[in-house]
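In: Provided below are the primary sequence and the corresponding predicted coordinates.
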Amino acid sequence: MSPAANKENSPNLLLAGFMGTGKSALGRNLAMRWRRRFYDTDELVEKLAGTSVADIFAEHGEEHFRALERQVVESLLPEHGAVIACGGGLVVPPGMGALVRSKGIIVTLFASVDTILRRTAGNSRRPLLKGDDPEATIRDLMKKREQAYLKAGIAVYTDGRSLQQLCVIVERVYEREVRALLKSRSKSE
Ligand code: S3P
C-alpha cells in the first residue's frame, strides 16, 4: 500500500464521472485497500432526505436533488482521510466542480457509451435513464457534461481495464497529486 493513501490525514479521494463508470465499485475497493472510510454521495443524499434518489426525482424534481447534493458536499463530507464516490451529475452544475475540488483530489472516470449502457441496463435506481432510449440519453448527457467532467478532475479511462488495474492506476494518480500538493504547500510557506 502506498504511503499517502494509508494516512488518515491525507486528502480525500473523490471519484467523479458518468453513471456506470464504476465509481462505487472502485471507491469501495480502494477504501478497503487503503483502510479508509468510504462514502457514496447518493447514499448521503438518501439519508439526508429520508427517501430514495428515485423518489426524490419523482416527488421533487432534479433541481431539488442537486440542492441536496450541494448540501451533502458542503456539510456532510469528512475533511480528509476518506474515499468518496460522487453521484454522476454532482460536479456538473456551475460552481460544483470547484466546491468538490476543495474537498480533496478528484479523479473522473470515463467509459464508452456501450460500456455505460451495459452497466446501467435494467437498473431502476437511475431515474435519468428511465426513458425509452437510454442510449440516446447517455450520448446527449455525456456531450453536455464532458467538459465539466474534464475540468473537475484527472481523467481515467476505464474501458478494457479490470478493477485491479484501475486500483493501481488511480492509486498512482492519487500519490502523484498528493506529492504535488505537498510540494506547492511547502513552497508557499
Ligand atoms: C445521476 C447519477 C446517479 C444519481 C442520480 C443522478 C446523474 O449516481 O446521483 O440518479 O445525474 O448522472 P450514479 O452515478 O452513482 O449512478
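Out: The structure has been received and is ready for your questions.

In: residue contacts, residue 57?
Out: By Cβ atoms under 8 Å, 6 or more residues apart in numbering, residue 57 lies in contact with 65, 127, 128. C-beta: built from backbone N, CA, C; applies to glycine.

In: what is the neighbour count of the closest residue to residue 17 other than its chain neighbours?
Out: Sequence neighbours aside, residue 109 is the residue nearest to residue 17 in space, at 3.7 Å (criterion: Cβ to Cβ, 6 or more residues apart in numbering). The number of residues packed near residue 109 is 24, by other Cβ atoms under 10 Å.

In: for residue 109, give me phi and psi.
Out: According to degrees, to the nearest 10, the main-chain angles of residue 109 amount to phi -90, psi 140.

In: which strand residues bridge it?
Out: According to DSSP bridges, the residues that bridge with residue 109 are residue 17, residue 156.

In: I'd say it and residue 21 touch.
Out: Yes. Shown here, residue 109 and residue 21 form a contact pair, counting by Cβ atoms under 8 Å, at 3.9 Å.

In: between the two, which contacts overlap?
Out: residue 158.

In: could you see whether the ligand lies near stretch 126-138?
Out: Yes. Looking at stretch 126-138 against the ligand by Cβ under 6 Å from any ligand atom, the contacts come from 126, 127, 128.
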